[in-house]
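[1] Show me how the following folds:
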Amino acid sequence: MSRYGTAGTPHTAIVNAFEVRWSTRGVVYHYDGEMTPEWVNKSGKPVILRAAKGSEIMMRLQTETAAQDFPKVAAFDGKKNLFSSTKLGFSLKEYSVPIDRPDPTGKKLKTVRVKIAFVRDVNMGVLSRLIQSQIRPDELSSDGVYSVALNMLNLFVQAQPRRTYINKGKSFYISRTTSHRTDAAMAPLKLLNGFFQSVRPAMNRLILNVDITAGAILPQQPLVDACARYCEMSDRARLRDLRADSPQFMKLRQFLRGVKVVVSTDRRRREKTIKDIISDVGRERFDKDGEMTTVADHFRRMHNITIAPRTLGVRLGGHELIPIHECQVVNQLYKGRLQPQHIREVLAFIPQKPQARLMEIKAGWSNLGHDRSEFLSGANIAVSPEALTVSGRVLPTPNIKYGNQAVSGLQRPGVWDIMRKTLQKPVQVNCILTFNLVGERTTDTMKRFINDLKNVMQERGIMVRNDAGIEAHNPQANIASILDQRKRAAGATLIIAILPENAADLYIDMKRFGDIESGVVTQCVRWTAKIHRGYEARKCNQYHNNLILKINAKMGGINYTPDSRIMHFVSRVPTMIVGADVSHPSPGSRTPSIASLVASFDPQASRYAAFIKPQHSRMEIITDLRELMWQALNSFTGPNFSRNGPPQRIIIFRDGVSEGEFEKVRVHELGVLREFLDQTYQKIKAPGRPTITFIIVGKRHHYRFFPEQERKADQTGNCPPGLVVDRDITHPVYFDFYLQSQAGLKGTSVPSHYTVLEDENFGYRADDSVFCSYSLCHNYARATRSVKIPAPVYYADLVCRRAKFHYDNEVQYSENMSMDSGGEENHLDWFKQHFKDVKKEMLDGMFFL
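    The predicted structure follows:
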């Protein structure tokens, strides 16, 4: 085992991490803060408090209700854990705290019983054993002493800004002036800039990772205005035209689910959460004192409010039905999934250049409040304001192998091209059929575009035997039926669809037809105004080549492969490279999570088969791993071992796992995998199970590297691609490293975090696992650039994103109806029954690109 690598050119960088100083003799007192609402909801079920409400109640208890019992305010995580820098004068005490501040009407408030019980002394010295690598990984359980101590440190660091700012998790958000253009593009949301901070263990020290971030808030406004702005309607009355089965209505439902509002007819102005929207709320009937009545009649009699026909309404917690005109959105952090146009605005909102990002972190240091935090000072904790410098290495870049065994170096690190080159394994296209779905007649520009595309395909080595021409069709027609009829008539093996600029629903229909219903390769082209007005073959050559990279790989070809020592090692012995991921629904949604697995089946680890399964919502562990791996093995060997013998090595890159889940993955995925392979290889009489390497790839961390010297930066101001850091900030217990594999584009390059849980193939030699990961970052079929994560991880992520193609449109938005028949098991079974698999004709090509 070699924890630290040596390959590459030494390179120092600044990292957005700051040293934490603490007293190893310090003691913090851990209490259990149990909160029990002293009422039940209308269904008779216990009320569960949100973490934000729990934090608010605990703060009022300490500063108002029983201030005499708390000489210093203790930090609370909103759930159960309360940490105090001074020992309280009791071991157990109960309080009754009003759910809210006094009601102006004088009405008696519901109360919450708060029980404070002493748990243990937290000796800060235990962290010394952690940072000196004196513990085992399985001792890092979420309720163990080390995790409790780290959790306590994070609470103390975040406690001061939480008093002042909107916050979520480890981030808090402050106000910032945005442009009118940004406000218009984000409507009805607004952007706030913010800061993320997290205490992390490193080798022989604790460090605080600080980064800038952005949050979307939904400001206080009439709910009807928020709906109109989201639907881009200047006239609010047009909301009544939304049909319950329309895509726009379904998107609005997703946007509003989980949003907090107050109702104008509620004198107490209590915040309530939207559960669903109703297309014609006035017609809805309910039982009122034993008699059935409509919502319209109720509001007319009780509040003298007239509800117009087809008025949108919302269903709130407790099954209240309220017209949107009578709801006011409260100022809140928006927790739903952002639309693509909103995500673009968020990315543009954050400083683009690396040095600007670092400067903003330093400029915002005072907002963190470390120097005035009574929580930190009381526990003798201090944070250095100086960013750390880390030692890294820049790895040599692999060459790229094209067709005819041609091998070429890169234009510059992380970048190459396919101009004047033949693809490594170009395919043959028997027949192309092009559909013009723009909604206008086929223009000469479209004809030239497709003709030039075919010419470039020929230059790259792809033979097109027949072209069935371009057909214009109404995008509002039954496209699937027309596609099926014309595809059969023409014998098309490739369908190109020219789509309008904004046609997300049409794109879904195309992919569902090609991948799920028909088993034919489809390639969509977004027909932008820029292409239409100023088309020149020379200017579109790069676009044509990008399309060809997708087409060739989808149809079973190979574009290029990295040529490196480690890839030769992979190809010498039958080796299967695997990428695995689990994606989760947006907050508030109860739709299933999606597990995906992609697996290579060629010696170059360039062609991947993909498999996908729905599983319990928000379940991080892959529950159907045995079945997915069985499918992967069958793909690798082919029917009756016609393609390969069984793999002797398996290298798995697992995406999307938080650090707190590592040990669960080790037990429930790596353990299950070993058992499955032992049983399967005995069954097929193979000589022993394959050796396993299991690497977790993290993307959602906040470490960023900044060049220490300007002359060492690339042309975007970032550190050069191939930078690996395996010391200074790495974990003291896990074998891990950070790799910035991609060339800079816009903004600050994001390194990926690799944690090796098992390594039977490379023997935990740092250079080998790093080079394997780095080489696979040069193997992404649809880009002539190195990417920030290994290609199989990217592919698994793409497969997860395509889950919506496997369901009919009405299924995607009907999670509520699936819950009517029972609990979670029935809910999942309902979605599994409606889940449609990819046609078997697509499995040998990378249809997901």
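
[2] So what's the residue count around residue 369?
    Other residues near residue 369 come to 21 when the count uses other CB atoms under 10 Å. Heads up, the C-betas are built off the backbone N, CA and C, glycines and all.

[3] quick one: it and residue 424, what's the gap?
    According to CB to CB, to the nearest Å, residue 369 stands 56 Å off from residue 424.

[4] can you check residue 48 too?
    Remark: distance between residue 48 and residue 424 (CB to CB) = 56 Å.

[5] And for residue 437?
    33 Å.

[6] ok, the two, which is more surrounded?
    Higher neighbour count among residue 437 and residue 424: residue 437, with 27 against 21, using other CB under 10 Å.

[7] Look up how far residue 337 lies from the more buried one.
    Using CB to CB, residue 437 is found at 27 Å from residue 337.

[8] do residue 485 as well
    36 Å.

[9] In terms of neighbours, single out the busier of these two.
    Taking neighbours as other CB under 10 Å, residue 485 and residue 337 compare with residue 337 leading, 14 against 10.

[10] correct me, but the more buried one touches residue 586?
    Yes - Residue 337 is within contact range of residue 586, at 3.6 Å (criterion: CB atoms under 8 Å).

[11] hey, what's in contact with both of these two?
    residue 254 (CB atoms under 8 Å, 6 or more residues apart in numbering).

[12] what about the strands in the stretch 101-250 of the chain?
    111-123, 166-168, 171-174, 190-202, 205-218, 221-222 (DSSP state E, counting those that start in this stretch).

[13] Out of these, which is closest to residue 535?
    strand 190-202 (35.5 Å; CB to CB).

[14] pull the longest helix from the protein.
    Of all segments of type helix in the chain, defined using DSSP state H, the longest is helix 145-164.

[15] So, low pLDDT: which residues of the protein?
    For the chain, the stretches flagged by pLDDT under 70 are 1, 103-106, 176-179, 537, 812-825.

[16] contacting residues around the residue most central in space within the chain?
    In the chain, the residue lying closest to the centroid (CA atoms, centre = their mean) is residue 583, at 7.0 Å. By CB under 8 Å, 6+ apart, the residues touching residue 583 are 593-594, 596, 656, 797, 800-801, 803.

[17] Go again with 10 Å.
    When contacts are counted by CB atoms under 10 Å, 6 or more residues apart in numbering, residue 583 touches 593-596, 655-656, 796-797, 799-801, 803.

[18] next one: residue 315
    257, 274-278, 281, 284, 321-322, 816.

[19] Quick check: the nearest residue to it once chain neighbours are set aside vs residue 249, distance?
    Leaving aside its sequence neighbours, residue 315 sits nearest to residue 276 (CB to CB, 6 or more residues apart in numbering; 4.3 Å). Residue 276 sits 11 Å away from residue 249, going by CB to CB.

[20] With residue 92 instead?
    Distance, residue 92 to residue 249, by CB to CB: 53 Å.

[21] Which one's more surrounded, those two?
    residue 249 (18 against 10).

[22] Pretty sure that one sits against residue 231.
    Yes - between residue 249 and residue 231 there is a contact at 9.0 Å, judged by CB atoms under 10 Å.

[23] so what sits against both of these two?
    Common neighbours of residue 249 and residue 231 (criterion: CB under 10 Å, 6+ apart): 239, 242.

[24] any residues touching stretch 363-377, and which ones?
    Contacts of stretch 363-377 (CB under 10 Å, 6+ apart): 18, 20, 22, 28, 72-75, 83-85, 152-153, 155-165, 172, 174, 193-195, 197, 208, 210, 212, 361, 379, 381-385.

[25] May I see the ChimeraX selection of the buried members of those residues?
    Buried subset of the contacts of stretch 363-377, written as a ChimeraX selection, criterion 16 or more other CB atoms under 10 Å:
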select :18,20,22,28,73,74,75,83,84,85,152,153,155,156,157,158,159,160,161,162,165,172,193,194,195,197,208,210,212,361,379,381,382,383
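
[26] secondary structure element for residue 488?
    helix 479-490 (DSSP states H and E).

[27] Would you mind writing the CA trace of that helix as PDB?
    Taking C-alpha atoms only, helix 479-490 is exported to PDB below (Å, rounded to 0.1, in the frame of the first residue of the first chain):
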ATOM      1  CA  ILE A 479     -45.500  11.900 -33.500                       C
ATOM      2  CA  ALA A 480     -44.900   8.400 -32.200                       C
ATOM      3  CA  SER A 481     -47.500   6.900 -34.600                       C
ATOM      4  CA  ILE A 482     -46.000   8.800 -37.600                       C
ATOM      5  CA  LEU A 483     -42.400   7.900 -36.600                       C
ATOM      6  CA  ASP A 484     -43.300   4.300 -36.400                       C
ATOM      7  CA  GLN A 485     -45.100   4.200 -39.700                       C
ATOM      8  CA  ARG A 486     -42.300   6.100 -41.600                       C
ATOM      9  CA  LYS A 487     -39.500   4.200 -39.900                       C
ATOM     10  CA  ARG A 488     -40.900   0.900 -41.000                       C
ATOM     11  CA  ALA A 489     -41.600   2.100 -44.500                       C
ATOM     12  CA  ALA A 490     -38.000   3.500 -45.000                       C
END
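
[28] Can you point out the buried residues in it?
    479, 482-483, 486-487, 490.

[29] Now do the domain split for the chain, please.
    221-330, 419-554, 562-703+751-842 (automatic domain parsing).

[30] how about TSV for the ones you listed, with distance to residue 63 added?
    Below are the domains of the chain laid out as TSV (distance: least, CB to CB, whole Å):
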stretch	distance to residue 63
domain 221-330	21
domain 419-554	49
domain 562-703+751-842	30
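
[31] Find the one among those with the highest mean neighbour count.
    domain 562-703+751-842 (a mean of 19; mean count of other CB atoms under 10 Å).

[32] Centre of the chain to it, how far?
    Relative to the centre of its chain, domain 562-703+751-842 is centred 16 Å away, using CA atoms, centre = their mean, to the nearest Å.

[33] Equivalent analysis for stretch 740-758, please.
    The answer for stretch 740-758 is 16 Å, by CA atoms, centre = their mean.

[34] Would you mind putting the CA coordinates of that stretch into CSV?
    Extracted C-alpha coordinates of stretch 740-758, given in CSV (Å, rounded to 0.1, in the frame of the first residue of the first chain):
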residue,chain,number,x,y,z
GLN,A,740,-9.0,18.0,-11.2
SER,A,741,-9.0,16.2,-14.5
GLN,A,742,-10.7,18.7,-16.8
ALA,A,743,-9.3,21.7,-18.7
GLY,A,744,-10.9,24.9,-17.5
LEU,A,745,-13.8,26.3,-19.4
LYS,A,746,-15.9,28.9,-17.6
GLY,A,747,-15.7,29.6,-13.9
THR,A,748,-13.6,27.7,-11.3
SER,A,749,-12.8,24.1,-12.2
VAL,A,750,-14.2,21.5,-9.8
PRO,A,751,-12.0,18.6,-8.7
SER,A,752,-13.6,15.3,-8.0
HIS,A,753,-13.1,13.4,-4.7
TYR,A,754,-12.1,9.7,-5.0
THR,A,755,-12.3,7.4,-2.0
VAL,A,756,-11.0,3.8,-2.4
LEU,A,757,-13.0,1.4,-0.3
GLU,A,758,-11.5,-1.8,-1.8
